[in-house]
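Engineer: Quick one: sequence plus predicted model below, questions after.
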Amino acid sequence: MKGLFREHITKRYKRSKDWRKVRKVIIIRDNKECKACGRKWGLQVHHILPLHLFPHLELVHSNLITLCGKCHFLIGHLGSWKSWNREVIEMAQMLYEKIKNRP
């Protein structure tokens, strides 16, 4: 089973020809900052429901969130690229507020 999971996770998916355009739109929608920590560099667009399981949601705006690389790994994938987090939006908002209001 482990090998089957790994094969499924590492399978390369060809991105839609519209991915770059949608990625840019999402980063602009999210004010060109990480929605979890507010960083404005190293931005990535994260699929909330993972691309390898839900390829039909690749370009759906409500399934995408802008995160920096660090937050992408820690919040989007809970510290393991094999994991995914359905509550990424809520966790990102909570962390953003905590950072914004820290003493």
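Structural biologist: It's in. Remember, predicted model here, so these are calculated numbers, not experimental data.
Engineer: can you give me the strands for this protein?
Structural biologist: 43-47, 64-68 (DSSP state E).
Engineer: buried residues in the last one?
Structural biologist: Residues of strand 64-68 classed as buried: 64, 65, 66, 67, 68 (neighbour count, 16 or more other CB atoms under 10 Å). C-betas here are computed from N, CA, C, even on glycine.
Engineer: Just give me the closest of those to residue 27.
Structural biologist: Each of those was checked against residue 27 using CB to CB; the closest is residue 66, at 5.2 Å.
Engineer: coming back round to it: so which of the strands of the chain is nearest residue 35?
Structural biologist: Of the strands of the chain, nearest to residue 35 by CB to CB is strand 64-68, at 5.5 Å.
Engineer: how about the CA coordinates for that closest one, as CSV?
Structural biologist: In CSV, the C-alpha atoms belonging to strand 64-68 read as follows (Å, rounded to 0.1, in the frame of the first residue of the first chain):
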residue,chain,number,x,y,z
LEU,A,64,-6.6,28.1,-4.1
ILE,A,65,-4.8,30.2,-1.5
THR,A,66,-1.5,32.2,-1.6
LEU,A,67,1.1,31.0,0.9
CYS,A,68,4.8,31.6,1.3
